[in-house]
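Enquirer: could you look at this predicted model? Sequence included:
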Amino acid sequence: MTTSTGASRTVWLDGVFLPAAEARVSVDDRGFLFGDGAYEVVRVVRGAMFEAERHLRRLDRTLQGIGIGYGRAMELREVAERLLDENRLREDEATVYVQVTRGAASPRTHHFPPAGTRPTAYASAAPFVPFDALRARGAAVVTVPDIRWARCDLKTVNLLPNTLAKQRAVEAGAAEAVFVRDGIVTEGASSNVWGVVRGVLRTHPMTPAILAGVTREVVLEVARERGLPVEEVPLFLEEVRGLEECFLCSTTLDVMPVVSVDGEPVRGGSPGPVARLLQEGLRERMDTGVLAAPR
Ligand SMILES: Cc1ncc(COP(=O)(O)O)c(C=O)c1O
């Protein structure tokens, strides 16, 4: 029997569904050797994937952006659907993870492997519990210098600056690390950042300095639907402590109020009404997706 958490968790690797314990990736794989690959995480609400198409389109964009010739990103949706069934993840919440690397080739070369090297494609699904308790009290964040490369719009598995930043957050007892470059708040280690400035919602414009978060896009839509004024304009770090509200958004955090930055309270340390409204709107979209999903 397969379960969502046990050793017999089913994953998908290069076209084959198999127990996770039996899945093997080559030591020559360029994902392992160079972080040479792309990935996505998709939220699943009561069995229905939320915005799967936007995530898979972004995967396709990243793959094209780094020159990995894998023309089947959109087909991963069916793979994910089967993983949700095989792992009995249709009742509660879950996440689907997909990754495509440039494949395995020997000898190891920095430059691309020989033409015809097959990309390695992997997908898995796991149960997920939303961070509702944290949302109720609000999250602490720390700021870190944004030492990443100039193509943060590509969602690659080359995540070392992000993992180091996240570790700094954990060590400081914070939920997220927020990158700052030239005094500008770019984004979180795995989230986008928002502020409310004189009643106007503000988030970093879509440039190569940030990832085009799927949740960011949905939150922008929800804000506009609800008539909230929004501007895609950078936030300066020096503005952050005086923000009327600050919050993060991502596939797993949803809309997450920020109540302190580097130990200094924001909004007196309590979550605000704009974040709550947007969380409600996002959640409504997710629940609508559940109703509309083909079963
Ligand atoms: C660097 C970065 N920015 C933003 C996000 C949020 O993107 P999404 O809303 O698509 O999860 C993520 C998600 O992992 C991320 O890694």
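Expert: Thanks, I have the structure now. Residues are numbered from 1 along each chain as shown.
Enquirer: show me what contacts the nearest residue to Ala139 once chain neighbours are set aside?
Expert: Counting by Cβ to Cβ, 6 or more residues apart in numbering, Ala139 lies nearest to Ala175, which is 3.8 Å off, once chain neighbours are set aside. No exception for glycine: its C-beta is placed from N, CA and C like everyone else's. Ala175 makes contacts with Phe131, Leu134, Ala139, Ala140, Val141, Ala169, Met256, as judged by Cβ atoms under 8 Å, 6 or more residues apart in numbering.
Enquirer: need phi/psi at Ala175.
Expert: Here is the backbone geometry of Ala175 (degrees, to the nearest 10): phi -90, psi -20.
Enquirer: read off the pLDDT value for it.
Expert: The confidence metric pLDDT takes the value 98 at Ala175.
Enquirer: could you look up the SS state of the residue lying closest to Ala105 once chain neighbours are set aside?
Expert: Leaving out its chain neighbours, the residue that sits closest to Ala105 by Cβ to Cβ, 6+ apart is Pro113, at 3.3 Å. In the three-state summary, Pro113 is assigned as coil, counting by DSSP: H, G, I helix; E, B strand; the rest coil.
Enquirer: I figured Pro113 hits Pro107, correct?
Expert: No - assessed by Cβ atoms under 8 Å, Pro113 is found out of contact with Pro107, at 9.7 Å.
Enquirer: more neighbours, the two?
Expert: Remark: of Pro113 and Pro107, Pro113 carries more neighbours, 18 against 6, as counted by other Cβ atoms under 10 Å.
Enquirer: phi, psi of the more buried one?
Expert: The phi and psi values for Pro113, taken as degrees, to the nearest 10, are phi -70, psi 170.
Enquirer: relative to Ser106, how far out is it?
Expert: When distance is defined by Cβ to Cβ, to the nearest Å, Pro113 is 9 Å away from Ser106.
Enquirer: try Asp153
Expert: Relative to Ser106, Asp153 is positioned 31 Å away (criterion: Cβ to Cβ).
Enquirer: looking at these two, which has the bigger crowd around it?
Expert: Counting neighbours by other Cβ under 10 Å for Asp153 and for Ser106 shows that Asp153 has the greater number, 16 against 9.
Enquirer: what's that one sitting at in phi/psi?
Expert: Note on Asp153: backbone dihedrals following degrees, to the nearest 10 are phi -80, psi -10.
Enquirer: tell me the pLDDT at the residue nearest to it when sequence neighbours are not counted?
Expert: What sits nearest to Asp153 in space, not counting adjacent residues and going by Cβ to Cβ, 6+ apart, is Pro208, at 4.6 Å. Per-residue confidence (pLDDT) for Pro208: 98.
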